[in-house]
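[1] Provided below are the primary sequence and the corresponding predicted coordinates.
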Amino acid sequence: MFKNYFFFKIGCKVANFLYYLQIFLKKMPFFCTNNYKLCRFFRPLLMHINYYRLIITVLDYFQIVLTPCPDHNKCAASCVYTVGMEKVSVITSVYNGARYVEQCVHSLQQQTYKNLEMLFVDDGSTDGSASLLRRFAAGDPRIHVISLHENSGASHARNAALKHATGTYVCMLDVDDTYSPDAIECAVRTMHNSGADIVLFRFMYTYTDGTPSHLFPLLPAQGLSGIEALRGSINWQTVHGIYMIRTDVHRQYPYDESCRLYSDDNTARLHFLHAHRVVQCDGTYYYLQHPASSTHSGGPRYLDRLKATEHLRTTLLDEGVPDDVRWALYDKSWMMAIDCYLYLTRYRESLTTQERQQAMRLIREVWRQTPFRHLPKAHYCKFGFLPLRPFFFLFRAQARTYFFLRKLAGKG
C-alpha cells in the first residue's frame, strides 16, 4: 500500500512537471492518446533530465512506455496537439504578376494545412493583378488583398503585409513560385518536433527554358546553430533564405527596405544570427528562374546589389558578429564592387550621370574600407582585382583594362 501511494505521489509530481514544461516550451505533441505512448519528441528531451531513471520507473509503473509511436502520422489527429491549431500567415508581394497569380493562389489553396492566412500585396501593379486577386479573395475568406498606390519594392510590400499578419508563424511565397502541397504542414510539424526557431523548406530550382530542375543542398539532419546558418548564407552556398519563422520574431526584424531590390535577403541573415537553431523540413519550395524576374533583370536597379550588400555588412558588423563572418562580409562587398564596376563599364550609356556618380562613390568607399589582408588572395592578388591603394585612379585603369580584355576574349 505504501509503495503504491509513494509512486502515486511521485507520478503526480512528474505529471505536473511535464505539464508546466509543456506550456513553457510550447512543444506539442507531448504524448499520443493512442496506447499512452509518448511521442518521439519527448525521448531526447528526457535524456537531459537528472532524474531520468526515476521518471522511467514511474512511467513504467503507470504503463506508459517511452518508445516512439510507430504510427505517429495516423494518430496525430488524436494528440494533445493537433497540427492545424496555429494559424500560418503566407505573404506574397505582387507587381505585374497577373500571369502567375492563379498558380500561386492554387498552390496555397491546395495545401494540406488549411489554417492559413494568405496575404497578397498588390505593389502598384498595372497589369490587372489587383482585380484578379480580389476575385480570388471573394471566393476564399482566407485570402486578404492589400493594395499599395505606387510601386515601392518587395521589402516595403512584405512589411505592409507583416503588419496585418495574425498567424503564429509566417512565411513568404513569391508570386511566380509555388509550394508542394504538404510544404506548410511539414514546416509546422517540424517546428514543433524540433524546437527550432527557423524551419527551412527544401529549395528546388525550376526553369522555363527546359533546364532540368535541381535541388539546393540539404542541411545536416541535426540542423545548424544560428551562427552556422549565417555563415552558410553569406553567399547562399549551403543555406538559402526561404523558411518559416514565428511572426513575433519576424516583426522584431522586418524586411530591409534600404533598396528597392535585393535588400530583402538581408533580413534572412539577421534572422539566422538571432536564431538558436535552424532545421529543414521535407516540404518543397519551387523557385522559378526566368528572365522576367526582377532579380534577374538588368537596368539601374542592378547597382542596388552593391548598396544592399554594403547595408548588410554595416548592419551585421553593428551586431558584433565573429571575425570570420566579418571578413566574409568584406569579401562579399569587394567582389560585388568589382561586379558592379563591370556592369557600370558595360552599360554606361544606359545610366544617368547621377547614377554613375553614385555607383562610383560606393565602389570607392568599398575599395577604401576593405581589409584586403583578411580576404582570399585570389580575390585581390590578380590582375583586374588589385586594389593598388592609395591610388584609386590606378585601380580604375587596371579594372577597365581587365574588362576590355575580357570582352576581347568573348567573356563579356
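    Nice, thanks for sending it over.
[2] pretty sure Cys171 contacts Ile184?
    Yes. Using CB atoms under 8 Å, Cys171 makes contact with Ile184 at a distance of 7.2 Å. Glycine gets a C-beta too; all of them are placed from N, C-alpha and C.
[3] The two: who's more crowded?
    Between Cys171 and Ile184, counted using other CB atoms under 10 Å, Ile184 has the larger neighbour count: 27 against 24.
[4] Local confidence estimate at the more buried one?
    On pLDDT, Ile184 comes in at 98.
[5] Then Ala76?
    39.
[6] still on that earlier bit, between Cys171 and Ile184, what contacts are shared?
    Common contacts of Cys171 and Ile184 (CB atoms under 8 Å, 6 or more residues apart in numbering): Val88, Val90, Met244.
[7] mind listing the helices for the stretch 251-400 of the chain?
    Counting by DSSP state H, counting those that start in this stretch, the stretch 251-400 of the chain has helices at residues 264-273, 304-318, 323-346, 353-369, 392-408.
[8] Of these, which stretch is the most buried?
    Most buried of these, by mean neighbour count (mean count of other CB atoms under 10 Å): helix 264-273, with a mean of 22.
[9] which other residues reach that one?
    154-155, 158, 198, 226-227, 229-230, 233-234, 239, 241, 243, 245, 249-250, 253-256, 258, 278, 308, 311-312, 315-316, 319, 321.
[10] Same question for stretch 222-242.
    In contact with stretch 222-242 (CB under 8 Å, 6+ apart) are residues 171-172, 194, 196-198, 200-201, 203, 216-217, 219, 265, 268-269, 272-280, 285, 287, 316, 321-322, 324-325, 328-329, 332.
[11] Could you pull up the mean pLDDT of it?
    For stretch 222-242, the mean per-residue pLDDT is 96.
[12] Kindly report the same for stretch 148-159.
    In this model, stretch 148-159 has an average pLDDT of 94.
[13] list the buried ones in that stretch?
    Across stretch 148-159, burial judged by 16 or more other CB atoms under 10 Å covers Leu148, Asn151, Ser152, Gly153, Ala154, Ser155, His156, Ala157, Arg158, Asn159.
[14] cool, and stretch 190-208?
    For stretch 190-208, by 16+ other CB under 10 Å, it's 190-204, 206.
[15] So which of those sit within helices?
    Among the buried residues of stretch 190-208, the members falling in helices are Thr190, Met191, His192, Asn193, Ser194 (criterion: DSSP state H).
[16] how close does the third one sit to Ser131?
    Taking CB to CB, to the nearest Å as the criterion, His192 is separated from Ser131 by 39 Å.
[17] Likewise for Trp367?
    Counting by CB to CB - Trp367 and Ser131 are separated by 48 Å.
[18] hang on, the earlier thing: please convert the helices of the stretch 251-400 of the chain to a markdown table, extending it with distance to Asp127.
    What follows is these, written out as a markdown table (distance: least, CB to CB, whole Å):
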| stretch | distance to Asp127 |
| --- | --- |
| helix 264-273 | 22 |
| helix 304-318 | 23 |
| helix 323-346 | 28 |
| helix 353-369 | 26 |
| helix 392-408 | 36 |
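[19] Quick one: the ones you listed as JSON lines, columns for mean pLDDT and distance to Ser107 too.
    Formatted as JSON lines, these follow (pLDDT from 0 to 100; distance: least, CB to CB, whole Å):
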{"stretch": "helix 264-273", "mean pLDDT": "94", "distance to Ser107": "20"}
{"stretch": "helix 304-318", "mean pLDDT": "93", "distance to Ser107": "28"}
{"stretch": "helix 323-346", "mean pLDDT": "95", "distance to Ser107": "32"}
{"stretch": "helix 353-369", "mean pLDDT": "95", "distance to Ser107": "37"}
{"stretch": "helix 392-408", "mean pLDDT": "95", "distance to Ser107": "41"}
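[20] Which one of these lies nearest to Thr112?
    Of all the helices of the stretch 251-400 of the chain, it is helix 264-273 that lies closest to Thr112, at 25.6 Å by CB to CB.
[21] Now do that closest one against helix 323-346, angle only.
    Here the directions of helix 264-273 and helix 323-346 differ by 170 degrees (axes from the mean of the first three to the mean of the last three CA atoms, to 10 degrees).
[22] any chance you could map the strands in the stretch 101-250 of the chain?
    In the stretch 101-250 of the chain, the strands defined using DSSP state E, counting those that start in this stretch lie at 116-123, 143-148, 169-172, 178-179, 198-207, 214-215, 224-225, 243-246.
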